[in-house]
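**Q** My questions concern the predicted model and sequence given below.
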Amino acid sequence: MARFIDELKRTHGCGALRDTNVGDEVVLFGWVHSRRDHGELIFIDLRDRDGITQVVFDPSVDGNPFAIGDQARGEWVLGIRGRVRSRGGNVNDKLATGRIEVLALEATVFNRAETPVFSIEDDIDTSEEKRLEHRYLDLRRPKLQRSLMTRSRIYHHTRSHFHDHGFVEVETPIFVKYTPGGARNFLVPARLNPGSFYALAESPQLFKQLLMVSGFDRYIQIVKCFRDEDLRGDRQPEFTQIDVEMSFVCQDDIFGIIEKLVVRLWKELLGVDLAERYPGGVFPRMQFDESMRRFGNDKPDMRFGLEHVDLTELVIEHSGGGIAMLTPIAEKFRSGAYRRDLPEEIVKAIRIPAAQAAGMSRTEIDRLEAFVKQMGAKGLARAKVGPESTGFEWQQSPMGKTATKEFVAAANAACGAVEGDLLLFQFGPEAMVHTVMANLRLHLGKKFGLIPQVGARSATHETGDWNFLWVVEPPLFERGDEGKGWVAAHHPFTRPHDQSLGHLETDPGKVLCYRYDLVLNGVELGGGSIRLHDPDVQKRVFEVLGIGQEQAQEKFGFLLQALRSGAPPHGGIALGLDRLAMLLTESESLRDVIAFPKTGKGADLMTGAPAGVTAEQLAELKVRSLV
RNA sequence: GGGGUGGUAGUUAAGUUGGUUAUAACGCCGGCCUGUCACGCCGGAGGCCGCGGGUUCAAGUCCCGUCCACCCCGCCA
């Protein structure tokens, strides 16, 4: 073995050799991907992160390497010295190296391998559980290797981009003081201070603002963040953000630097010129309000239609349109119990065009109803639009029996409905209707094949299916639990719009702010805000939130003091690097772009974390377990 | 916290109204094979049917509980 490695150095990766190398003597190191034994001739596909090369073992050339080829099994680690030769007519078009092969002249076994629990190939159909238990094997798969290498290039281009633009990279603490509000923190007992705890930072938010106060002007950090919340396919308890903050900037300045980063990443990693679709590399913007109205959420996937139609005004106008379930809602608006500019309950519809509606059975629509009930819907009202001769009446619909002709006509017009179309309705509390209808729209989009599937990359690039959008100007405040009081929709240091300042005391729900989210194909890539650096306005915001001077001091004292010590106007943004990597590699899950991810319960199936600790360890920390 | 789907050889799956020896493919082991590349041919081994309880003459199958994974709501930027 010493001869390999010490004397025989690797000359090529397993994906490197071509026609032009024929005749060269090479040294390859790699894993046995597959082995084909013809008795007096053995082929081994040798694999490393670079690719696959066919190695031939021929006893008539040399019996020693042949003996190794004969013993070798899947995933053994081999070293090969050999000569590149042409395959002649036996070309394999599936391999980049398929025109050549390496005739083994000398070979060594670095390591034998137990039979792997699953085969190391792309598109293997192995449960995620097994893959996570044997992650080191899973990570040998070419797709995951490519994804992690792409991720590495994201780090590189991101750092390079920001350094080119004069940003300073600063590390901020991971162990921080717990601050209430926002995401739940992980806690770490402080042994040197019994009874006290650190929190793991959910983001470097406060520190990056302090860095602006210190005069660093332009800050960048690629940073791990920690949130102890329930997980999803696109959420991990520890995740990575590209964290940015800038001084003396407005919203457009932030957008500009991020757009340039994104354009660069797409160019460098995918060879896609986003400027072709977005002239000047400027992404479109949409008001938060419009996004909610048309799509029901703040991260619209605009690659397909099926937009929402808000029928609330029509329902009010027609006093419920003769439909029993809608009449009480209309009445509440009429009586003034509900506000029309900030409605408590709304009525929305989605129109399914006749072409798709024709293929939907009663059972299928019932399944849709079950789907929306999972999300808090009481049911799923529906109506099939009849022929023109009937005045496009609503058929196969309980509502159709009592609805007034005028209301049906007006609703059809609003939806653009014609004969054969299917209308699906949802009404009730605004948040529920939005959630239900947003998810229903996505569900239908997938069902009807309107959303390009992952993996159809080459096709979608040409048709421009990288759909970027800035969602801007959301409200600063949301109603608190059970509609009582107001809470900050983002965080309380977001700057309100100047035009909104007048509403601050009188009508907080109407205050908009300089907050923004970058959305790509229905995925929230990141978000940020222009911060509030004016102590007077800050005080008024706290008052709306019911936070008194003392309380503010207690919670955010050091930041408030810093903001009074010469704070420049500033703002920033954080992009989810994992999600970015997921989209750039067209992976289906965040877990596929994180080397060692955790399950939905936050477990690492390979190491067994989290795990219990001894009573002694707890005692040293002065912590007692209740379990 | 709530809802859904799933758990059967190493892996992926099938398994009928509950019935005798639990199937298949791939992988693995042995043998044969000089142009394969999803190599081929012959033979073989391999199972706490997630775990615990119950019903029954009899449970992979029915019932209850529980654990794990994935998806969705709540939660979370």
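**A** Looks like it arrived, so ask away.
**Q** how many other residues sit next to the closest residue to RNA strand B within the stretch 101-250 of chain A?
**A** In the stretch 101-250 of chain A, the residue that lies nearest RNA strand B is residue A:233 (2.5 Å; Cβ to the nearest atom of the strand). All C-beta atoms are positioned from the backbone trio N, CA, C, and that covers glycine. By other Cβ atoms under 10 Å, 12 other residues sit near residue A:233.
**Q** excluding its backbone neighbours, what's nearest it?
**A** residue A:589 (4.9 Å; Cβ to Cβ, 6 or more residues apart in numbering).
**Q** Run through the residues that contact that neighbour.
**A** Residue A:589 makes contact with A:233-234, A:582, according to Cβ atoms under 8 Å, 6 or more residues apart in numbering.
**Q** hmm, back to that, surely the residue of the stretch 101-250 of chain A closest to RNA strand B touches residue A:590?
**A** Yes. If you go by Cβ atoms under 8 Å, residue A:233 and residue A:590 touch, sitting 6.5 Å apart.
**Q** show me where the stretch 401-550 of chain A has helices.
**A** A:405-415, A:430-447, A:457-462, A:503-506, A:535-544, A:549-563 (DSSP state H, counting those that start in this stretch).
**Q** any idea how far the residue of the stretch 101-250 of chain A closest to RNA strand B is from residue A:207?
**A** Going from residue A:233 to residue A:207 by Cβ to Cβ, to the nearest Å gives 30 Å.
**Q** try residue A:544
**A** For residue A:544, the distance to residue A:207 - Cβ to Cβ - is 26 Å.
**Q** picking that back up, can you say which of the helices of the stretch 401-550 of chain A is nearest to RNA strand B?
**A** helix A:430-447 (4.3 Å).
**Q** So what touches that closest one?
**A** Residues outside helix A:430-447 that contact it (Cβ under 8 Å, 6+ apart): A:292, A:295-297, A:301, A:304, A:306-308, A:343-348, A:350, A:352, A:368, A:371-372, A:375-377, A:424, A:426-427, A:450-451, A:522.
**Q** just to revisit the earlier point, who touches the residue of the stretch 101-250 of chain A closest to RNA strand B in this structure?
**A** Going by Cβ under 8 Å, 6+ apart, the list of residues near residue A:233 reads A:588-591.
**Q** Out of the contacts of helix A:430-447, which end up buried?
**A** A:292, A:295-297, A:301, A:304, A:306-308, A:343-348, A:350, A:352, A:368, A:371-372, A:377, A:424, A:426-427, A:450-451, A:522 (16 or more other Cβ atoms under 10 Å).
**Q** Filter those to keep only those in contact with RNA strand B.
**A** By Cβ under 7 Å from any atom of the strand, no member of the buried ones among the contacts of helix A:430-447 lies near RNA strand B.
**Q** Which ones among those map onto helices?
**A** A:292, A:295, A:368, A:371-372 (DSSP state H).
**Q** CSV for the residues you listed, including pLDDT?
**A** What follows is those, written out as CSV (pLDDT from 0 to 100):
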residue, pLDDT
A:292, 94
A:295, 95
A:368, 88
A:371, 85
A:372, 88
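**Q** and of these, the nearest to residue A:40?
**A** Ranked by distance to residue A:40 (Cβ to Cβ), those are led by residue A:371 at 61.0 Å.
**Q** so where is the stretch 1-150 of chain A shaky, pLDDT-wise?
**A** Counting by pLDDT under 70, the ranges of the stretch 1-150 of chain A that qualify are A:1.
**Q** For it, just list every one of the helices.
**A** A:63-71, A:128-133, A:135-138, A:142-164.
**Q** Tabulate those (CSV), appending mean neighbour count.
**A** Below are the helices of the stretch 1-150 of chain A laid out as CSV (neighbours: other Cβ atoms under 10 Å):
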stretch, mean neighbour count
helix A:63-71, 17
helix A:128-133, 15
helix A:135-138, 17
helix A:142-164, 16
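**Q** Kindly state which of the ones you listed is positioned closest to residue A:526.
**A** helix A:142-164 (12.1 Å).
**Q** who does that closest one touch, helix- and strand-wise?
**A** strand A:168-169, strand A:218-226, helix A:251-265, helix A:577-584 (3 or more Cβ pairs under 8 Å, 6 or more residues apart in numbering; DSSP states H and E).
**Q** Tell me what angle the longest one forms with helix A:142-164.
**A** This means helix A:251-265. 140 degrees (axes from the mean of the first three to the mean of the last three Cα atoms, to 10 degrees).
**Q** Report the buried residues of the following helix or strand past helix A:251-265.
**A** On the C-terminal side of helix A:251-265, the nearest following helix or strand under DSSP states H and E is helix A:274-277. Of the residues in helix A:274-277, those buried by neighbour count under the rule 16+ other Cβ under 10 Å are residue A:274.
**Q** Which residues does helix A:274-277 contact?
**A** A:262-263, A:266-267, A:281, A:464, A:466, A:468.
**Q** Using PDB, write out every CA atom in stretch A:553-569.
**A** Extracted in PDB, the C-alpha atoms of stretch A:553-569 (Å, rounded to 0.1, in the frame of the first residue of the first chain):
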ATOM      1  CA  GLN A 553     -35.500  49.000  28.300                       C
ATOM      2  CA  GLU A 554     -35.500  45.600  29.900                       C
ATOM      3  CA  LYS A 555     -36.000  43.700  26.600                       C
ATOM      4  CA  PHE A 556     -34.000  45.700  24.200                       C
ATOM      5  CA  GLY A 557     -32.000  48.000  26.400                       C
ATOM      6  CA  PHE A 558     -28.600  47.800  24.800                       C
ATOM      7  CA  LEU A 559     -30.000  48.100  21.300                       C
ATOM      8  CA  LEU A 560     -32.100  51.100  22.200                       C
ATOM      9  CA  GLN A 561     -29.100  52.700  23.900                       C
ATOM     10  CA  ALA A 562     -27.000  52.000  20.900                       C
ATOM     11  CA  LEU A 563     -29.600  53.500  18.600                       C
ATOM     12  CA  ARG A 564     -29.400  56.700  20.600                       C
ATOM     13  CA  SER A 565     -25.600  56.800  20.300                       C
ATOM     14  CA  GLY A 566     -25.300  57.800  16.700                       C
ATOM     15  CA  ALA A 567     -27.100  55.200  14.700                       C
ATOM     16  CA  PRO A 568     -26.900  55.600  10.900                       C
ATOM     17  CA  PRO A 569     -30.000  54.800   8.900                       C
END
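**Q** just how off-centre is it within its chain?
**A** 32 Å (Cα atoms, centre = their mean, to the nearest Å).
**Q** do stretch A:27-45 as well
**A** With Cα atoms, centre = their mean, you get 40 Å for stretch A:27-45.
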